[in-house]
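# Could you look at this predicted model? Sequence included:
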Amino acid sequence: SPKTLNIPESIHDFNVTTIENKAFYYDGSPNTRVFETLVLSNTITHIGDSAFASYSYYDVLNLKGELIIPKSVTSIGNDAFNNCNKLTGLSFEAGSALESIGERAFSSCSSLTGELIIPKSVTSIGNSAFSSCNSLTGLSFEAGSDLESIGAFAFSSCSSLTGELIIPNSVTSIGNYAFNNCNKLTGLSFEAGSALESIGERAFSSCSSLTGELIIPKSVTSIGNSAFSSCNSLTGLSFEAGSDLESIGAFAFSSCSSLTGELIIPNSVTSIGNYAFNNCGFNRINCYSTTPASYSGSNSIFSSGTIYVPSISVESYKSAWYGDTSRINAYGFPTFISDGSIDDSNNWYVLEDSGRIYRLPNENEEIAINAALIINNNEILNVKSLGYCENGDLTVKEGGQLRCNNINSDIKVEKSIAAHSTSGNTT
């Protein structure tokens, strides 16, 4: 029958709280390990580096079965269980106090199956902590997670993970290759109120079963090179309103060939890498910023679609994005009609020299403006409802009139006007 190692609570009246580095390290030599299962006492707070690691691939006496980490453990060291490739289960006791999981702590534990549930107390998952645990089928984080960082390669090549991955809102960084080649994951989302700032290089590259729309949290400032490359089942991409995104790396969304429809580049973006959206299927790309993001490459950013930019910035965009010159056009500001669709045939525009409205929408239209618009003397803007995009700004001059049922933002007025609205504010 299998031999079990029981780590006691105490030895000679001294509590056992730490398992030292390489305490039960197994190098494959005869008689260096004489147990197959492990039971840890609830007095242990730290499991040291390489404490139970195995570096033999011919390990007839490697750990087997399920490993339960006591709730008393606060840290698991680097390589602690690395290559324990006969372990079939890993769980953490309810009420776990675990804070950190070290680098390669469970790397290449290739027989671990079922769902891995990370305790809410964990704040960091080290580089390659669970890499190549290619029999795990699920990954989740306990509600109320305090997790802040997911290290490079942390779950790389966990190729049997399925279902939706939900990143806790406490996470601020996802390392390079963190979920690379998790090619059976079908969904990716970020908890509301996400604090995520950076998505590393190839973090989700080749997650080829991810479907639906990917919504990047507004807190993200950088998306690394090839971060989502070859996620070829994603059908939509958007950025949360008020995005702080500054940089999109080279090949970041390259070969996401099922991405279609409209893409809006946040105004905050200041740099875009070579081939960032190569081989995507967008038919329209809207860039509302009057200053084009810098572009370090010598080729195109987008391989398809028409790029719409402010009319006063067409030449500067063509100069900056010379690989996409032939597809850059001035846009009209979209008119949002009552059924929720966008009427591109009846855009309304701003004359850049005077700021006057070129075409007024009709009274049944629900519109959103994305420029500094002025209603001058004897002009009437009569619409069903009015809201603003990021650059929206409306001034009503003396003698101008604004009529609408609902205003979703403030307006500026000069002297006396004739205006009425059932809701909204004026300043």
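Everything's here; your move. Numbering: from 1, shown residues only.

# ok, Gly224 - how many residues close by?
Neighbourhood size, Gly224 [other C-beta atoms under 10 Å]: 24. Placement of C-beta: from N, CA and C, glycine included.

# Which of the three states applies to Arg104?
At Arg104, secondary structure determined by DSSP: H, G, I helix; E, B strand; the rest coil is coil.

# Looking at this structure, which strand is longest?
Longest strand in the chain, counting residues (DSSP state E): strand 380-388.

# which helices and strands does it pack with?
strand 366-369, strand 401-407 (3 or more C-beta pairs under 8 Å, 6 or more residues apart in numbering; DSSP states H and E).

# Can you tell me the strand partners of whichever helix or strand comes after that strand and which way each runs?
Using DSSP states H and E, the helix or strand that follows strand 380-388 in sequence is strand 393-396. Note on strand 393-396: by DSSP bridges, its sheet partners are strand 372-375 (parallel), strand 412-413 (parallel).

# Looking at the last one now, give me its mean pLDDT.
Here strand 412-413 scores 74 as its mean pLDDT.

# Just give the closest residue to Thr186, not the sequence neighbours.
Closest residue in space to Thr186, ignoring its immediate chain neighbours: Ser209 at 5.2 Å, by C-beta to C-beta, 6 or more residues apart in numbering.

# Same check on Phe251?
Ser226 (4.4 Å).

# picking that back up, how about the strands paired with strand 393-396, which one is nearest Ile69?
strand 372-375 (58.7 Å; C-beta to C-beta).

# how far does the closest one sit from the chain's center?
Mean-position distance between strand 372-375 and its chain equals 36 Å (C-alpha atoms, centre = their mean, to the nearest Å).

# May I have the phi/psi pair for Phe155?
phi -130, psi 20 (degrees, to the nearest 10).

# pretty sure the residue nearest to Phe251 is in contact with Gly249, am I right?
Yes: with contacts defined as C-beta atoms under 8 Å, Ser226 counts as touching Gly249 at a distance of 7.0 Å.

# between these two, who's got more neighbours?
Neighbour totals were compared for Ser226 and Gly249, and Ser226 leads with 27 against 24 (other C-beta under 10 Å).

# Check the gap between the more buried one and Asn127 for me.
As judged by C-beta to C-beta, to the nearest Å, Ser226 and Asn127 stand 18 Å apart.

# what does Arg327 give?
Arg327 is 40 Å from Asn127, by C-beta to C-beta.

# cool, Leu210 as well?
Counting by C-beta to C-beta, the gap from Leu210 to Asn127 is 23 Å.

# now Arg284
Arg284 is 40 Å from Asn127, where distance means C-beta to C-beta.

# The two: who's more crowded?
Using other C-beta under 10 Å, the more surrounded residue of Arg284 and Asn127 is Asn127, with 21 against 18.

# That one contacts Ser149, correct?
No: taking contacts as C-beta under 8 Å, Asn127 lies outside contact range of Ser149: 10.0 Å.

# Overlap in contacts, these two.
Gly175 (C-beta atoms under 8 Å, 6 or more residues apart in numbering).

# what about the strands in the stretch 201-350 of the chain?
Along the stretch 201-350 of the chain, the stretches classed as strands by DSSP state E, counting those that start in this stretch are 212-216, 222-223, 234-239, 247-248, 260-265, 271-272, 281-287, 294-295, 306-309, 328-330, 333-336, 342-348.
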